[in-house]
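1. Dropping the sequence and predicted coords here.
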Amino acid sequence: MKKRNLRSAAVAIIVLNFTDLASQAANIDWPTFGFNVQRTGENPFESTITASTVAGLQMHWSFDLGAVTVMQPVLAAGVIVEGLPKDLIYMGSEHGDLYAVDASSGSLIWQRNLGSQLTGCSDMPDNIFGVSGSPFIDRTNGRMFVVGGDGNMYALDLATGRTRSGWPVPVTTDPLHEHNYGGVNVFNGVAYAEIASYCDGVPYHGRAVAINIKNKTVRNFYPAGHRINGGGIWGPGGVSIDPATGHVFTATGNALTDPENFRFSDSVVELSPALHVLGFNYPGLTGFDVDFGATPILYQPPDCAPMLAAKNKSGVMVTYERGDVSAGPTQRLQIADLLGGQFNGIPAWSEATHLLYIGNSSDSNSEEYKHGMVALSVDVNCQLTLAWQTIAGDNFQVVSPPTVAGGVVYYGTGAGSQLLAFDALSGTQLWSSNTTIQGPIYGAPMVVNGQVFVGAWDNKLYAFGL
């Protein structure tokens, strides 16, 4: 009798283990900023949290990051940790710490400090800058690539956080003046990062950086040249990449010279994988210090050419045909206030709805577009036109980039300290975090495997679920 019970227990354990493994296998990764190398911001696989269920979201847990964060977290599903599969969230803070957190419980798996810098720039509450850009998860080799506050790109083991052999590789040798804000992007064996500064403090030379992962050779693209200060690349998505061509797209900041659009500054630029200029355009911007504070998003409307959209600090959004950037914008929309001056984030594109979503920082001068969530459709002439908009948050606020999943679009209201969710087709607000989050939200939320994750300036990473 005892043997039969033991055998039954063993079978039950095996069944449970296989059930756990099957559950883990069903989960997917969120491997990089915006979910993919194009930075579209849509998870097309989410089926648990939908427009009909999102109203039931509740906080599952919060994790203390020890400092503020501007990062969108990333997630690797089913990482084997001490023999067991776990979904791990990777999240950085501005004090230089990178954390691996169990997605189901919020418990710490490992922690690494990758350096931070005390600066004279008040863009961070205590003037300290650390790990700002999202990692890139390389599942094939069980590692991630991330840039630390010490100016180095690291390759870290997903399960342990240990540095892989041959790494780190410097992205900048002057981290006291130069900083990486954007998520790492990886394609065809090359890891890409970006460099800007702290509050335009000099000396600094903005650039895109390409590191050959195998032989560690480094190439740079300097928008303002390597002798002129400025030309920073500030977008939280880093560079975007066209998977069909391997072309690299970036939007640049102003050169600290006259004119501010010197060389490839204040421009949208298309680059080869080796960072040679294939095309660029300065779209004509009003004002001064009018950086592109965002990464170009690559999208493909039905029956249209492959497109990109980029939003400028002057509130204007420009669109281009990929492969023909030098021909100039196919469209320009004054989405936000001309003199608003906010880094307006990055749009999101949904393949399900064929809408482009913008977390809008301010009312436009024409008052056609309002602050809050704006959705644009594509007409028969491949031009963007207003589909719907919902006023939310406060006017003139830096807000987070949006995220789309399960027919729902999410964004953080910046200093309003709320995460909001809208019906992706109608714009109806479906859910709010209300007073749960006690600090501003500037990093894009991540929605994956039935949970919503977002970091805030109350020093916490939050997990919401049904």
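-> Nice, I can see it. Please read all numbers here as calculations on a predicted model, not as lab measurements.
2. next SSE after the helix-or-strand element of the chain with minimal mean pLDDT?
-> Lowest by mean pLDDT, DSSP states H and E among the helices and strands of the chain is helix 2-26, with a mean of 39. Counting by DSSP states H and E, the element after helix 2-26 in chain order, helix or strand, is strand 42-43.
3. what is the mean pLDDT for stretch 459-466?
-> With pLDDT averaged residue by residue, stretch 459-466 scores 98.
4. buried residues in it?
-> 459, 460, 461, 462, 463, 464, 465 (16 or more other C-beta atoms under 10 Å). (Glycine included, C-beta is placed from N, CA and C.)
5. quick one: which of the residues you listed is nearest to residue 89?
-> Looking at the buried residues of stretch 459-466 and their distance to residue 89, the nearest is residue 461, at 7.2 Å (C-beta to C-beta).
6. Sketch out the low-pLDDT regions of the stretch 351-466 of the chain for me.
-> By pLDDT under 70, the stretch 351-466 of the chain has no low-scoring segment.
7. what about the helices in it?
-> Ranges of helices within the stretch 351-466 of the chain: none, based on DSSP state H, counting those that start in this stretch.
8. Check the stretch 151-300 of the chain too.
-> Under DSSP H, counting those that start in this stretch, the stretch 151-300 of the chain gives no helices.
9. Show me the strands in it, by range?
-> With DSSP state E, counting those that start in this stretch, the ranges of strands along the stretch 151-300 of the chain come out as 152-157, 169-170, 178-179, 185-187, 190-197, 207-212, 218-221, 240-241, 248-251, 268-271, 277-281, 297-299.
10. Next, the buried residues of the first one.
-> Buried residues in strand 152-157, defined by neighbour count with 16+ other C-beta under 10 Å: 152, 153, 154, 155, 156, 157.
11. Residue 127 is in contact with residue 118, correct?
-> Yes: counting by C-beta atoms under 8 Å, residue 118 touches residue 127, with 6.1 Å between them.
12. Show me which of these two is the more surrounded one.
-> Using other C-beta atoms under 10 Å as the criterion, residue 118 and residue 127 rank with residue 127 on top: 15 against 11.
13. can I assume residue 55 sits in a helix?
-> Yes: judged by DSSP: H, G, I helix; E, B strand; the rest coil, residue 55 forms part of a helix.
14. need the contact list for it.
-> By C-beta atoms under 8 Å, 6 or more residues apart in numbering, the contact set of residue 55 is 430, 431.
15. any idea how far it lies from residue 466?
-> Distance, residue 55 to residue 466, using C-beta to C-beta, to the nearest Å: 10 Å.
16. cool, residue 37 as well?
-> Taken as C-beta to C-beta, the span from residue 37 to residue 466 is 30 Å.
17. As a markdown table, the buried residues of stretch 459-466 with distance to residue 89 would be great.
-> Formatted as a markdown table, the buried residues of stretch 459-466 follow (distance: C-beta to C-beta, whole Å):
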| residue | distance to residue 89 |
| --- | --- |
| 459 | 16 |
| 460 | 13 |
| 461 | 7 |
| 462 | 11 |
| 463 | 8 |
| 464 | 13 |
| 465 | 13 |
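18. among these, which are in strands?
-> Using DSSP state E, 460, 461, 462, 463, 464, 465 are the members of the buried residues of stretch 459-466 that sit in strands.
19. for those, which one is nearest residue 257?
-> Proximity of these to residue 257 (C-beta to C-beta) peaks at residue 461, which lies at 40.2 Å.
20. thought the closest one was touching residue 92?
-> No: Residue 461 lies out of contact with residue 92 (C-beta under 8 Å); the separation is 10.1 Å.
21. between those two, what contacts are shared?
-> 69, 99.
22. Next, give phi and psi for residue 326.
-> Dihedral pair for residue 326: phi -60, psi -20, per degrees, to the nearest 10.
23. Wait, it touches residue 282, no?
-> No: in this structure, residue 326 is not within contact of residue 282 by C-beta under 8 Å, at 10.5 Å.
24. neighbour count winner among those two?
-> The neighbour comparison of residue 326 against residue 282 (other C-beta under 10 Å) goes to residue 282, with 18 against 14.
25. Tell me who's in contact with the more buried one.
-> Per C-beta under 8 Å, 6+ apart, neighbours of residue 282: 261, 265, 266, 267.
26. if we go to 7 Å?
-> 261, 266, 267 (C-beta atoms under 7 Å, 6 or more residues apart in numbering).
27. related to what we said a few turns ago, for the ones in strands among the buried residues of stretch 459-466, which one is nearest residue 239?
-> Using C-beta to C-beta as the measure, the one of these that approaches residue 239 most closely is residue 461, at 25.4 Å.
28. Which strand residues bridge that closest one?
-> Following DSSP bridges, residue 461 is listed with bridge partners residue 63, residue 455.
29. before we move on, back to that, top of the contacts of residue 282 by number of neighbours, please.
-> Ranked by the number of neighbours (other C-beta under 10 Å), those place residue 266 first, at 29 neighbours.
30. Quick check: the gap between residue 112 and residue 144.
-> 11 Å.
31. swap that for residue 40, sorry
-> Residue 40 is 20 Å from residue 144, where distance means C-beta to C-beta.
32. Could you check which of those two is surrounded by more residues?
-> More neighbours surround residue 144 than the other of residue 40 and residue 144, with 28 against 25 (other C-beta under 10 Å).
33. tell me the contacts of the more buried one?
-> Residues in contact with residue 144 (C-beta under 7 Å, 6+ apart) are 90, 135, 136, 137, 138, 156, 158.
34. Please identify which of those residues is nearest to residue 27.
-> Using C-beta to C-beta, those come closest to residue 27 at residue 137, 13.3 Å.
35. what bits of the stretch 1-150 of the chain have low per-residue confidence?
-> For the stretch 1-150 of the chain, applying pLDDT under 70 flags the ranges 1-25.
36. helix, strand or coil for the closest residue to residue 107 other than its chain neighbours?
-> Nearest residue to residue 107 in three dimensions, chain neighbours excluded: residue 101, at 7.0 Å (C-beta to C-beta, 6 or more residues apart in numbering). Residue 101 falls in the strand class when you classify it by three-state DSSP.
37. okay, now residue 101: neighbour count?
-> Residue 101 is surrounded by 26 other residues when neighbours are defined as other C-beta under 10 Å.
38. Double-check it against residue 92; I have them as touching.
-> No: at 11.4 Å, residue 101 does not count as touching residue 92 under the criterion of C-beta atoms under 7 Å.
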